[in-house]
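Student: Provide a 3D model corresponding to the input given below.
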Amino acid sequence: MAGNSKRPGARRNPGSKKGASVGSGGQRRKGLEGKGPTPAAKDRVGHPAARKERAAQKRPVSRKPSPRADVVAGRNPVVEALRARTPAEALLVQTRIELDDRLAEAVSLAADQGLTVREVPKSELDAAAADVVHQGLVLIAAPFTYADLGDLIGTQNPLWVVLDQVTDPRNLGAVARSAAAFGATALLIPQRRAAPVTAAAWRTSAGALARLPVCQIGNVSQTLQQLKDAGSFCAGLDADADSTLTDLAQLSDGGLAIVVGAEGRGLSPLVARNCDLVVSIPMTSVTESLNASVAAAIALHWVAHHRAAP
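Tutor: From the prediction side, this is the model:
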């Protein structure tokens, strides 16, 4: 009878069961655990992106120097820069290049000025000149040392020249030449959206940048306020102004800042508003505007003339 049978049911021999005898052995818990974020393609073994990444790492690194921001390239420009005694670090000459008068003069001038003269392959010159035609000759200019405006702010009866939006280094050099000629205290140039002192500016200044302090300023309007707080009168140059240079004659005795804008654009509106007076240069013929360096030279001569008058 069912239930009364003494025959035992099916039994498993001890030790014949596979796996853990109690529980899952942690298999279910591990299965429920997260496996983390999917790795990037370049980190997956066998992925095309990973193979490309490994190939890039095995590629030999170029030993060419990175392009420099301030170099003079070409035989005539290099000779002119060396004649102007532009501060420089080294002269690079292409190996196995035909010698001519300009190349010989460049090497001689560099040696006289104590510069390092190195023969380098054409590939290194190409990299140093940033693909500018160099004719086998590149001059590495030295960084310019700017003056601190705070050290000059207490000068007696100063004459400041402030540039606004002048981006051509040749204009900068020409203004510096005029400023040095007419006794300016310093030339102030913005750090942004303006030409810094480069080898091109130095060459145009004809060495005036070696005698004239140049200060980099952060904001033109704030600097004008700083100069006004120190007792200087700020006069901007603008072709459309109603006042003229004759109005500056009575201001020649005290501190004066002449603000020069770029040709065409002139002074920025905010800078013009921060000037105590905006003047124009009288002209007899119809001309839209003067070059920034020419306008600065005329204004500086006018001020210097009236300061020297008894």
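
Student: quick one: the helices in this structure?
Tutor: 27-32, 48-58, 75-83, 101-112, 122-128, 149-152, 169-181, 199-205, 220-229, 269-273, 292-308 (DSSP state H).

Student: Among those helices, which comes closest to Thr246?
Tutor: Of all the helices of the chain, helix 292-308 sits nearest to Thr246, with 8.5 Å by CB to CB. (Glycine included, C-beta is placed from N, CA and C.)

Student: The closest one - contacts with which helices or strands?
Tutor: For helix 292-308, the contact count by 3 or more CB pairs under 8 Å, 6 or more residues apart in numbering; DSSP states H and E identifies strand 159-164, helix 169-181, strand 233-237, strand 256-261 as packing neighbours.

Student: got CSV for these, with mean pLDDT too?
Tutor: Shown next, in CSV, are those (pLDDT from 0 to 100):
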stretch, mean pLDDT
strand 159-164, 95
helix 169-181, 92
strand 233-237, 92
strand 256-261, 93
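
Student: out of these, which comes closest to Ala272?
Tutor: Of all those, strand 233-237 sits nearest to Ala272, with 5.6 Å by CB to CB.

Student: Now the closest one: buried residues?
Tutor: For strand 233-237, burial by neighbour count (16 or more other CB atoms under 10 Å) applies to 233-237.

Student: Show me what that strand is packed against.
Tutor: By 3+ CB pairs under 8 Å, 6+ apart, strand 233-237 packs against helix 220-229, strand 256-261, strand 277-280, helix 292-308.

Student: rerun at 7 Å
Tutor: Counting contacts by 3 or more CB pairs under 7 Å, 6 or more residues apart in numbering; DSSP states H and E, strand 233-237 packs against helix 220-229, strand 256-261, strand 277-280.

Student: Find the one among these with the highest mean neighbour count.
Tutor: strand 256-261 (a mean of 25; mean count of other CB atoms under 10 Å).

Student: That strand vs helix 292-308, what angle?
Tutor: Calculated by axes from the mean of the first three to the mean of the last three CA atoms, to 10 degrees, strand 256-261 forms an angle of 170 degrees with helix 292-308.

Student: What is strand 256-261 packed up against?
Tutor: Going by 3+ CB pairs under 7 Å, 6+ apart, strand 256-261 lies up against strand 159-164, strand 233-237, helix 292-308.

Student: between the ones you listed, which one is nearest to Leu188?
Tutor: Among those, strand 159-164 sits nearest to Leu188 (CB to CB), with 4.6 Å.

Student: mind putting the helices and strands packed on strand 256-261 in TSV, distance to Gln57 included?
Tutor: What follows is the helices and strands packed on strand 256-261, written out as TSV (distance: least, CB to CB, whole Å):
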stretch	distance to Gln57
strand 159-164	47
strand 233-237	56
helix 292-308	51
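
Student: circling back: quick check: which of the helices and strands packed on strand 233-237 is nearest to Val78?
Tutor: Once those are compared by CB to CB, strand 256-261 is nearest, at 29.8 Å.

Student: Adjacent strands (with direction) for that closest one?
Tutor: Neighbouring strands of strand 256-261 in its sheet, by DSSP bridges, are strand 159-164 (parallel), strand 233-237 (parallel).

Student: between the first one and helix 169-181, how many degrees?
Tutor: So the one you mean is strand 159-164. Going by the same axes, to 10 degrees, strand 159-164 makes 170 degrees with helix 169-181.

Student: Buried residues of strand 159-164, list them for me.
Tutor: Quick answer for strand 159-164 (16+ other CB under 10 Å): 159-164.
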